[in-house]
Every structure is written in structure tokens, then in C-alpha cells.
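S.K.: 3D, please:
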Amino acid sequence: MREGGASGTLTFSNLNAVFYGYLDPTGGFFIKSGLGIAVLSAEARFGNVSITESENGVSFTAGVGYDIGFGARFGLTPHVDYHYAGFEDGRINLIRLGLGFNWY
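M.R.: Below you'll find the predicted structure:
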């Protein structure tokens, strides 16, 4: 954000321990979930004055995906994840779609 000599930065980070579970050992479908910590920080700058605020919270991740193998050494993994972060003053909800490339 930059307007009238002011600028700012908002940063969200989370670190989760995530566990994967394959419902069928020979199939590619999996579910995952995990818990961790989240950090939300903001910085505002007005000329030579800078104000910084940071808050820690808890985070949760849940998702599903499917491993698709192509030969013995390559695979694709489409997946969808839900991320939640709870803070004292609010929360963040995020849905993420992704495609993983795996080389074995």
C-alpha cells in the first residue's frame, strides 16, 4: 500500500506438522491434517516513522489429494487444502488449490 507518502506491509505465515493418510495403500487418494502456529504481522511507514505490530496464534490445515503416477519416476498430485489461523483479534481462512510435481 502506498498513498500520500505512507506505505505498509501485511505478512501472514504458518508452520504446521501435517500427517498424511492413504485410505488404500495401493491407491493414490490421501487425506491430510495438521496443527501448528501462525504469525500475523503488519508494518506501516509514514516518512521516517515506522510502526510494527505482530500477533501469534494457532493454525489448522486439512486437505485431500490424489497421487497420479506416470511411469516409475514421475507423478502429479492435484490437491485442495483448507487453512485456518486463529488470533486474539480475528482469524484467517484460506482455501488453496495446487498441483504437485514429483520426481522419484
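S.K.: any weak-confidence spans in the protein?
M.R.: Counting by pLDDT under 70, the low-confidence segments of the chain come to 1-4.
S.K.: so who does Gly47 touch?
M.R.: For Gly47, the contact set (Cβ atoms under 8 Å, 6 or more residues apart in numbering) comprises Gly5. Yep, even glycine has a C-beta here, placed from its N, CA and C like the rest.
S.K.: how near is it to Gly8?
M.R.: Applying Cβ to Cβ, to the nearest Å, one obtains 13 Å for the distance of Gly47 from Gly8.
S.K.: do I have it right that Met65 meets Phe30?
M.R.: Careful, residue 65 is Gly and not Met. Yes - here Gly65 lies in contact with Phe30, judged by Cβ atoms under 8 Å, at a distance of 5.6 Å.
S.K.: now do the shared contacts for Gly47 and Gly8.
M.R.: Any residue near both Gly47 and Gly8 by Cβ under 8 Å, 6+ apart counts here, and not one turns up.
S.K.: flag every buried residue along stretch 84-91.
M.R.: Along stretch 84-91, these residues count as buried under the neighbour rule (16 or more other Cβ atoms under 10 Å): Tyr84, Ala85, Phe87.
S.K.: end-to-end on that stretch?
M.R.: Stretch 84-91 has an end-to-end distance of 7 Å (criterion: Cα to Cα, to the nearest Å).
S.K.: how far does stretch 83-100 sit from its chain's centre?
M.R.: Centre-to-centre, stretch 83-100 and its host chain are 6 Å apart (Cα atoms, centre = their mean, to the nearest Å).
S.K.: contacting residues for Gly75?
M.R.: Going by Cβ under 8 Å, 6+ apart, Gly75 touches Asp67, Ile68, Gly69, Phe101, Asn102, Tyr104.
S.K.: repeat that for Ile37.
M.R.: Ile37 touches Asn14, Leu15, Asn56, Gly57, Val58, Ser59, counting by Cβ under 8 Å, 6+ apart.
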